[in-house]
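Colleague: here is my input; please provide its structure:
(chains A and B)
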Amino acid sequence: MKKLTSAPYLLWMIIFVLVPLFMVAYFAFTDSGGAFTLANIIKTKEYAPIFIKSITFAAISTVICLLLAYPLSYILSSMKLSVQGTMLLIIMLPMWMNFLLRTYAWQALLGNNGIINNLLGLIGIGPFKLLNTQGAVILGMVYDYIPFMILPLYTVMAKIDKSITEAAEDLGCSKLQSVIKITVPLSIPGIISGITMVFVPAISTFIISKMLGGSSNLLIGDLIEMQFLGNAYNPNLGAGIALVLMIIILIVMAIINLIDKSDSDDKVLM
Amino acid sequence: MKKIIGVLCTALILTSLAGCAGTESAVLDTTAIDTEIYSSFDGQGVELNVANWGEYISDGSEGRVDVIDEFEKLTGIKVNYTTYATNEELYAKMRAGAADYDIIVPSDYMVSKLYNEGMLADIDFSKIPNYANIDEKYKNLAFDPENRYSVPYFWGIVGLIYDKNKITEPDFGWEILWDEKYADNLLMFDNPRDAFAIAENLLGLSLNSSDEASLKAAADKLREQKPLVQAYVMDEVFDKMAASEALVAPYYAGDAVTLMEENDHLGFVVPESGTNMFVDSVCIPKTSKNTDAAHLFINFLLEPQVGVANTYAVGYSTPNKKTFELLDDEMKNNGISYLDNDYLTNHTEAFSALPEEADKLMSELWTSIRSGE
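Modeller: The predicted structure is shown next:
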């Protein structure tokens, strides 16, 4: 019975995850004629600066997301239950709007003649160059992906038994100490999945950098998009770059999970 | 009580949605159209997949004729309309095999590239009586010398859209795109063929150069320009120029006409040193399953009235002489859409398909320009 119910899921995984992965690998190791080659992988080396830039941008935005989302989730989880639902809805509300539209809105806000510069102009400062900068790209990433950080953090924190923190405080812990000693260790799983859910889409995004980054903030996602959707049609090279990116993400995820493991070993309360 | 509020809210949302859909588009005058030939597919549930450039048809906005809707009403054929931003994107979609288009509108060089790779079907011109409306000047062009697989849709040239208030120099050409005065206020084409053409013209090279030295020289020129470029764009030009986010951008003349209609601060310059003249043509891919319906669609596009609706909507230059006769003087003499023959013959060059090696080299150079620091 168990096997039967999992069959659709397995089939789904095979057709839409496994087969495409093999196809990416196949394209990465062949040339346009279908013959085996390592050229695509070797050529990826030329784009090392872009890889580094993408990883840096994604890492910075993940850290900012975590710093912003952690206190927010903490506050959220300690609110009255009835209020929590409403607050969560407010956080999720922007996500109902199309992702492209939200990024596009930042163009209108940050532009030289955008709303922010116009307002600054009223009090006699600016205009500042806000759009088409690295900062704009990171801002876009943080803005677009922060709900993915808040959700897992909030879910984990809401589940933490209140009596544990109360016991800690009864035994003389200050508020801050109980957060550091109780809440943070118990919310590690939420932190890990939050990091994963922000870092992975951020490292491979192409539209945010394209819309907010101007001419010189091309990221790895843009490079892959160029190889597939025209402009420099070369799906083999595109697949090669995608494969290398996949391996990098895999390594990063492995390192993060390692931290998770070593941490949970120390945990007394689990 | 809660329920009543819920129902009221839903009703409110629905009525406001209905209000949005209420903007009327103009109705096509079908009196001059021989409706007889369009009725052959009625009630058969035929679907037609059309892929066209963005902003490249009269779509019923701003009170104009909705060409697709009119065709559906006239024939009973359902049209699935999609758009693309560059020739290369269309090519990629066709090559990937995922697209099952019945109608595509590639530009000249892409027409011959697709044909050379065996991706275009021959067109049966006996099924397109309106082909007679096309001006002889736009038949037998280099990319289809025997007129077998393409029907001209619009043509145009590339020039410079600029902010008249901020750029006051009397004469300028492509070199303004390398002028440090305008650093960070320049936009550039986000496709290799158009971008290389500008560099090649400045270097005195043919726009169809295929030798390594010329292509590399053009690439160096583009690399030199990169630090000055605000962003590489295609249709984003509309927003950025209209909102004065940038001061100058190379783009297609037809879109310049549309932009200038709505923005008094914008002007258009046709560089004296010469430019690219392009012809976008309607073609039927070999994979099309509804070629008869596709022929009917092409014939419909060539109806003089349909052409007029499209010309006013997109601003590009029509190759259809019956349509041209119906245009008002303002459109005919706007100084952009229909340039004098002397300039067109002596200072413009059409793209032809590059040999495969050159094409590949250009793609690689473009990737390295865009990805470089």
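Colleague: mind listing what residue 111 touches?
Modeller: All of this is about chain A. Taking C-beta atoms under 8 Å, 6 or more residues apart in numbering or on different chains, we find residue A:111 in contact with A:117, A:130-131, B:243, B:245. Just so you know, the C-beta spots here come from the backbone N, C-alpha and C atoms, and that holds for glycine as well.
Colleague: that was the other one, I meant chain B.
Modeller: Residue B:111 neighbours (C-beta under 8 Å, 6+ apart): B:120, B:143-144, B:149-150, B:281, B:283.
Colleague: list the buried residues in whichever strand or helix holds it.
Modeller: Per DSSP states H and E, residue B:111 falls inside helix B:108-116. Neighbour counts over helix B:108-116 (16 or more other C-beta atoms under 10 Å in any protein chain shown) mark B:108-115 as buried.
Colleague: wait, residue B:242 sits on residue B:260?
Modeller: No - taking contacts as C-beta atoms under 8 Å, residue B:242 lies outside contact range of residue B:260: 10.1 Å.
Colleague: what is in contact with the two at once?
Modeller: Shared contacts of residue B:242 and residue B:260, defined by C-beta under 8 Å, 6+ apart, comprise residue B:266.
Colleague: the more surrounded of those two?
Modeller: Of the pair residue B:242 and residue B:260, residue B:260 is the one with more neighbours under other C-beta atoms under 10 Å in any protein chain shown, namely 19 against 13.
Colleague: quick revisit: of the contacts of residue B:111, closest to residue B:194?
Modeller: Distance to residue B:194 across the contacts of residue B:111 (C-beta to C-beta) is lowest for residue B:143, with 16.2 Å.
Colleague: and the closest one, what is it in contact with?
Modeller: By C-beta under 8 Å, 6+ apart, the contact list for residue B:143 reads B:108-109, B:111-112, B:115, B:150, B:279, B:281, B:350, B:352-353.
Colleague: low-confidence stretches in the chain?
Modeller: By default, I'm working from chain A. A:1-2, A:230-231, A:262-270 (pLDDT under 70).
Colleague: actually, chain B is the one I wanted.
Modeller: Ranges of chain B meeting pLDDT under 70: B:1-24, B:373.
Colleague: residue of it with the smallest distance to chain A?
Modeller: Distance from chain A to each residue of chain B (C-beta to the nearest C-beta) is smallest for residue B:88, at 3.0 Å.
Colleague: follow-up on the earlier one: and the contacts of residue B:111, which of them are in helices?
Modeller: With helices defined by DSSP state H, no entry of those lies inside them.
Colleague: could you dump those residues to a markdown table with distance to residue A:27?
Modeller: Output for the contacts of residue B:111, formatted as a markdown table (distance: C-beta to C-beta, whole Å):
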| residue | distance to residue A:27 |
| --- | --- |
| B:120 | 26 |
| B:143 | 30 |
| B:144 | 33 |
| B:149 | 30 |
| B:150 | 31 |
| B:281 | 31 |
| B:283 | 28 |
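Colleague: neighbour-wise, which of these leads?
Modeller: Counting by other C-beta under 10 Å, top hit in the contacts of residue B:111: residue B:283 with 27 neighbours.
Colleague: mind listing the residues bridging to the residue nearest the centre of chain B?
Modeller: What sits nearest the mean C-alpha location of chain B, by C-alpha atoms, centre = their mean, is residue B:53, with 5.2 Å. With DSSP bridges as the criterion, residue B:53 is bridged to residue B:84.
Colleague: which residue comes closest to residue B:308 once chain neighbours are left out?
Modeller: residue B:326 (4.9 Å; C-beta to C-beta, 6 or more residues apart in numbering or on different chains).
Colleague: residue contacts, that neighbour?
Modeller: For residue B:326, the contact set (C-beta under 8 Å, 6+ apart) comprises B:304-305, B:307-308.
Colleague: next: residue B:255.
Modeller: By C-beta under 8 Å, 6+ apart, the contact set of residue B:255 is B:55, B:161, B:235, B:237-238, B:314-316.
Colleague: just the buried subset of these, please.
Modeller: For these, buried by 16+ other C-beta under 10 Å: B:55, B:161, B:237-238, B:314-316.
Colleague: dump these into TSV; add distance to residue A:259 as well.
Modeller: Formatted as TSV, the buried ones among the contacts of residue B:255 follow (distance: C-beta to C-beta, whole Å):
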residue	distance to residue A:259
B:55	50
B:161	53
B:237	47
B:238	48
B:314	56
B:315	58
B:316	58
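Colleague: sort out for me which of those are in helices.
Modeller: B:237-238, B:314.
Colleague: and those residues near chain A, which?
Modeller: Counting by C-beta under 8 Å from any C-beta of the partner chain, nothing from those sits close to chain A.
Colleague: any idea which of the buried ones among the contacts of residue B:255 is closest to residue A:136?
Modeller: Nearest to residue A:136 out of the buried ones among the contacts of residue B:255 is residue B:237 (C-beta to C-beta; 19.2 Å).
Colleague: that closest one contacts residue B:187, correct?
Modeller: Yes - applying C-beta under 8 Å as the test, residue B:237 and residue B:187 come out as touching, 6.1 Å apart.
Colleague: from what I can see residue B:85 touches residue B:55, true?
Modeller: No - under the criterion of C-beta under 8 Å, residue B:85 is not in contact with residue B:55, lying 10.0 Å apart.
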